[in-house]
Structures are given as C-alpha cells and as structure tokens.
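*Asks:* Can you look at this prediction? I've put the sequence above it.
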Amino acid sequence: MSQTSPRGSDARPHVAILDDEPEIRRMLSDALEEAGFRTSSFARATEFEAALNRMTPDVCLVDLGLPDRDGLALVHRLALESGAAIIIISGRAQVQDRVTGLELGADDYIIKPFDPAEVVARIRARLRKGRADPERAATVARFAGWSADFDRYVLVDETGAEVPFSHAEGEVLRLFLDSPKRLISRAQMQESLGGAAGESFDRAMDVRISRLRTKLGEDPKNPRLIKTIYGAGYIFLGDVDWG
C-alpha cells in the first residue's frame, strides 16, 4: 500500500520511496518528512510506476530486492525516462552490484543497514548539485551541431532528431559543457559529482562517458568532442553556447 503526502502548493522537494519492507519505508519517510521533504511510499514496483503518471519526484529511492520487478531494470528505465535523481538502497554490498547500479544510471548507492541521517544528507547533497545554478537549470547548451536540453533530458541533432540521456549522464555532460577546452581530472569529477572515490566511481564514469560518446555519434577510437587524456582525465573540445 502506498502513502503519499498531500500536494497542494507544497514546494518541498519530493522523494519517492520504493521498498517492500514497511519498517524501512516508515523510517525513511519519517526522517525525510522531519528534514523538510515531501514523500510518497510504495511497496511494489507496479504501484510506483503507475504513480509516476501523476507525480514528478525530485528523488527516487529504489530498493533492488523487489517482489514484482527486477530492481536494476527499473533503475535503468528511470534513468532513461525520468529527470529524477536515483539513489539505490540495497542489502547487496558487493562492489560489482554497486558498479552495475551506477552503470545503469543510478546517481548513488546506499547499502543496508543504513542510518536515515545518511540518506537525508545524500539526498540534500544530490539536490544541491542539481540546483547549484537555478538560472542555468532551464537553459539549453548548443555545441557542434547539437543542443542539450537539461529540462527535458534530451540531445537534439541538426535534423531535430532527439536522443534521451539519463540524469546521471546529464550531470557528466553538464560538467563538460560548463568547462569546455579545460582538462577535468578524475578527482575533479568525483568532487563535483559526489560519490565515493574508487574503482566503482571510475568505472561508472567510464560507462557514462562511453554512452555520451555513443549518443553524440562519436568514433570510440577517435572521439572528436570528449577526449581522454590518459593518466590525467578528460577534455571537452567543442565550443559551447548556453542559451
């Protein structure tokens, strides 16, 4: 059974919680409401997906161990179709599970058991990153025959054809477009995008950059826009016009 706080003119950030354990849903909802968030809680993926037709959460907390749907498949769909930040909450603690979740488009991965205060802090950090420049949040960047629309999470080519990108891919793309023709090191990426440094973060960045190159029609062996500077980081070589 789902629980949804009233909407009205409530401007508080909205967090959707998907977990089949009622105690965890209650614990997260209580902590988030006390911290100033609005929440909706769901025990099953089918309820959650149906609710997405009438709500637009800012953050989705998704448990991977769902009774009616593969959690990773749901994360991947949300990453492609939703503008929300996606945070996985799971008892799966293996590095490969974390890497897979991030590769499929999650923005963060929290292992059970957890302190609700940590979840609140992670959500606040994620929203601060996404809203660091409110004036720019609704703008479009143009470069090399492409337009990147960060309101709609789509790339548009010269013919008008649209290619969707995920929230996580958008964070990486924005980082490049905000600093064209400047070297961005792995350490700078980790500081800007958050998440724990290490193998899982590096692999997640590699996957997201690879996907961005594919969506931009780049030759993986000789990309013209997003260049890898081995041992140093990445550099975006296009001219960028923010409109």
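*Replies:* That came through, no problem.
*Asks:* what number of residues lie near R182?
*Replies:* By other Cβ atoms under 10 Å, 12 other residues sit near R182. Just so you know, the C-beta spots here come from the backbone N, C-alpha and C atoms, and that holds for glycine as well.
*Asks:* ok, it to A93 distance?
*Replies:* If you measure R182 against A93 using Cβ to Cβ, to the nearest Å, the figure is 37 Å.
*Asks:* Kindly state the domain boundaries assigned to this structure.
*Replies:* 3-130, 135-242 (automatic domain parsing).
*Asks:* Just say which of those is most tucked in.
*Replies:* Highest mean neighbour count of these: domain 3-130, a mean of 18 (counted as mean count of other Cβ atoms under 10 Å).
*Asks:* tell me the mean pLDDT over that one?
*Replies:* Here domain 3-130 scores 87 as its mean pLDDT.
*Asks:* what ranges do the strands span in this structure?
*Replies:* In the chain, the strands defined using DSSP state E lie at 3-4, 14-18, 38-42, 59-63, 85-90, 108-111, 140-143, 146-149, 154-156, 162-164, 226-229, 233-236, 241-242.
*Asks:* Could you save those strands as JSON lines and add columns showing distance to R122?
*Replies:* Shown next, in JSON lines, are these (distance: least, Cβ to Cβ, whole Å):
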{"stretch": "strand 3-4", "distance to R122": "22"}
{"stretch": "strand 14-18", "distance to R122": "11"}
{"stretch": "strand 38-42", "distance to R122": "15"}
{"stretch": "strand 59-63", "distance to R122": "9"}
{"stretch": "strand 85-90", "distance to R122": "6"}
{"stretch": "strand 108-111", "distance to R122": "6"}
{"stretch": "strand 140-143", "distance to R122": "27"}
{"stretch": "strand 146-149", "distance to R122": "26"}
{"stretch": "strand 154-156", "distance to R122": "27"}
{"stretch": "strand 162-164", "distance to R122": "25"}
{"stretch": "strand 226-229", "distance to R122": "27"}
{"stretch": "strand 233-236", "distance to R122": "25"}
{"stretch": "strand 241-242", "distance to R122": "29"}
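*Asks:* Excluding covalently adjacent residues, which one is nearest to P57?
*Replies:* Spatially, and ignoring its direct neighbours in sequence, P57 is nearest to A16 (4.0 Å; Cβ to Cβ, 6 or more residues apart in numbering).
*Asks:* got the CA coordinates for stretch 120-128 in CSV?
*Replies:* What follows is stretch 120-128, C-alpha atoms only, in CSV (Å, rounded to 0.1, in the frame of the first residue of the first chain):
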residue,chain,number,x,y,z
VAL,A,120,18.9,12.6,4.2
ALA,A,121,22.4,14.0,3.8
ARG,A,122,23.0,12.2,0.5
ILE,A,123,19.7,13.5,-0.9
ARG,A,124,20.4,17.0,0.2
ALA,A,125,23.9,16.8,-1.5
ARG,A,126,22.4,15.4,-4.7
LEU,A,127,19.7,18.2,-4.9
ARG,A,128,22.3,20.9,-4.2
